[in-house]
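1. The following block contains a protein sequence and its predicted model.
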Amino acid sequence: MDLNFLFVSMLNGVVYGAFLLLTSLGLSLVFGLGRVVNFAHGALYALGGYALLAVIRGAGVGYWPALLLAPLLVVPIAIAIERTTIHPIRHRSDIYTLLVTFGISFVIIGAIEYVWGTGTTLLKPPQPFVSTVDIFGNQYPLYRLVAAGVSLLVSAGVFAVIQLTPVGLRIRAITDDPGMAEALGVNTKWLLTLVFGCAAGLAAFAGALGAPIFAIHPEMGMSILLDSFLAVILGGLGNLPGSAIGAFVVALTKSIGGGYIADWSTAVLFGVVAIALIFRPTGVFGRGRVA
Amino acid sequence: MLALSGVHAHYGSAHVLHGVDLEVQSGQIACLVGRNGAGKSTTLKAIMGIVPLSDGSVTFRGERIDGRATHVIAARGLAWVPEDRRVFGSLSVAENIRVAAQATRRSNAGHARLALEFFPALLERSRHPAAHLSGGQQQMLAIARALASNPDLIMLDEPTEGLAPSMVNSIRAGILESRARGVSVLLVEQNFRLALSVGDVFFVLSRGTVVFRGTRDELQAAPEIISEHLGIGRAKELSQWHE
């Protein structure tokens, strides 16, 4: 066995896991709060990548300021989507929001293709992170490590907000029992709107941050959406620490598996999740809900 | 303080409340009693806006609150302790209290502290997850959590159901202490003996309609109401409850 190959595959898995962590947290938060299975999350991730392009090329802004601006452009769009499409049907069964967000996903992708075309755009990593670093004799792109570090920092920030702030406390209460939280005076509907917007912002941030690694194309969010769902289901729907662990399990399985059994890695991943759910229907790592 | 006038409510096609009229004055402990399925819990849910009214009105401190969102009604100063307690199991005891204290502008950290001190047994377990508490402790927490929102009126839905006698005494003391602190109480209670020992006014609900309203003495002077609508038959039993 080539240990170097295994090591690089693991490193790729950790980097991808850091991105998956950002998208999974948003997905899990939105489900936990409103039982909204957000199939538009991947499209919002893609929108982040394109918002980055628009800001860099349209406004002539540098990469790092654009990285902060791009999600800020996506958040109001997501809030508008939530208020106009999800909010009015929240009293209906979960399948309605699932279908609506599925439709929204195609609308967003269609809009991206209409505005920016269907091609793939490659973006160079920003200076001074274009180079590679030597890790145990392997030349590894520096930007990947930096981006993974940024993802982990932002995710830690999300956890801190959830665990340490009053708004985080309300979010945890709503995740536990939305009706009771509302009866205590918490405006659960507006909080869901806010969290939906912030979750979209996180996805857009991940899309923008990953643009120099994964390239930008209209359907760039589809693969990460699927992986994020697997991570969230594996961790327990609505269970944030579980989702975080799930993100790295999925990313490492996919990355290492992809290196050895390329065509079968996705099938193996689905198999692992399916078997896990047979024995732990509320998620392997915790007390998530059965969707 | 709280007035229901001609309140009708449905669960789907089932007509549950048939014109409920009820008033709670400031500083009172009002008891809503009746057999299972009479509509007591539905009345509380209708007041909180959880069950929509088909007809009638709910007025709280002179303001119509029917049709308002539940969180808005809570922010007006109404607190509800549901029958099944519904504490946030994944949050600690202190966090349960803080959620209520931070939810509206009516309350603050001081109210949270007072609520936590309301039941000393909770203070000792303030860092424990609420899911790990006993049924009685969860009931105490549910009441303390409601009080943390600094309400003008607290509605308790069968707070002693399934509790050991010692816990029932603690809950009873808590109800009386609430009133002593200036919080009015609307109590739904199957434990008729407890209701008689704390209530100022009584409303007997039967099949979604208030069939009796009056003081403790007036209720005790109406054995036919007690027999027919509460299922308590003999005067001897009644006198035992009153002791």
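-> Sure thing, it's come through.
2. wait, what's in contact with A:G201?
-> A:71-72, A:74-75, A:78 (Cβ atoms under 8 Å, 6 or more residues apart in numbering or on different chains). To be clear about C-beta, it is placed using only N, CA and C from the backbone, and glycine gets the same treatment.
3. Mind putting the residues you listed into a markdown table with pLDDT and neighbour count?
-> Below are these laid out as a markdown table (pLDDT from 0 to 100; neighbours: other Cβ atoms under 10 Å in any protein chain shown):
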| residue | pLDDT | neighbour count |
| --- | --- | --- |
| A:P71 | 96 | 26 |
| A:L72 | 96 | 13 |
| A:V74 | 97 | 27 |
| A:V75 | 97 | 20 |
| A:A78 | 96 | 28 |
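4. Return the member of those residues nearest to B:L186.
-> If you rank these by distance to B:L186 using Cβ to Cβ, A:A78 comes first, at 41.5 Å.
5. Per-residue pLDDT of the closest residue to chain B within the stretch 51-200 of chain A, please?
-> Nearest residue of the stretch 51-200 of chain A to chain B, counting by Cβ to the nearest Cβ: A:G185, 3.6 Å away. pLDDT for A:G185: 95.
6. and what of the one 4 residues further on?
-> A:K189 carries a pLDDT score of 90 in this model.
7. I'd like the distance between the closest residue to it other than its chain neighbours and A:L53.
-> In this structure, A:K189 finds its nearest non-sequential neighbour in A:H87, 6.6 Å apart by Cβ to Cβ, 6 or more residues apart in numbering or on different chains. Noted for A:H87: a distance of 30 Å to A:L53, by Cβ to Cβ, to the nearest Å.
8. Just to be sure, which of the contacts of A:G201 are found in helices?
-> A:71-72, A:74-75, A:78 (DSSP state H).
9. Show me which residues of the stretch 51-200 of chain A are close to chain B?
-> Residues of the stretch 51-200 of chain A found near chain B (Cβ under 8 Å from any Cβ of the partner chain) are A:166, A:169-170, A:172-173, A:175-177, A:179-189.
10. Weed out the non-buried ones from these.
-> Neighbour-count burial (16 or more other Cβ atoms under 10 Å in any protein chain shown) applied to these gives A:169-170, A:172-173, A:175-177, A:180-189.
11. quick one: contacts for A:Y50?
-> A:112, A:115-116, A:216.
12. Show me which pair in these is furthest apart.
-> Maximum distance among these (Cβ to Cβ): 12.6 Å, for A:V115 and A:I216.
13. Please state the offset of the longest helix that chain B contains from the chain centre?
-> Looking across chain B with DSSP H, the single longest helix is helix B:165-180. Distance of helix B:165-180 from its chain centroid, counting by Cα atoms, centre = their mean, to the nearest Å, is 13 Å.
14. Ok, stretch A:122-131 next?
-> Centre-to-centre, stretch A:122-131 and its host chain are 22 Å apart (Cα atoms, centre = their mean).
15. Show me the contact partners of it.
-> A:52-53, A:62-64, A:141-143, A:146, A:211-213, A:215-216.
16. mind listing the helices for chain B?
-> With helices called from DSSP H, chain B shows them at B:40-47, B:70-75, B:93-103, B:109-118, B:120-123, B:135-148, B:165-180, B:192-198, B:216-220, B:223-230, B:235-242.
17. cool, chain A as well?
-> Using DSSP H, helices in chain A cover A:3-34, A:41-59, A:63-81, A:94-116, A:142-164, A:166-176, A:178-183, A:188-209, A:211-214, A:220-235, A:240-260, A:265-279.
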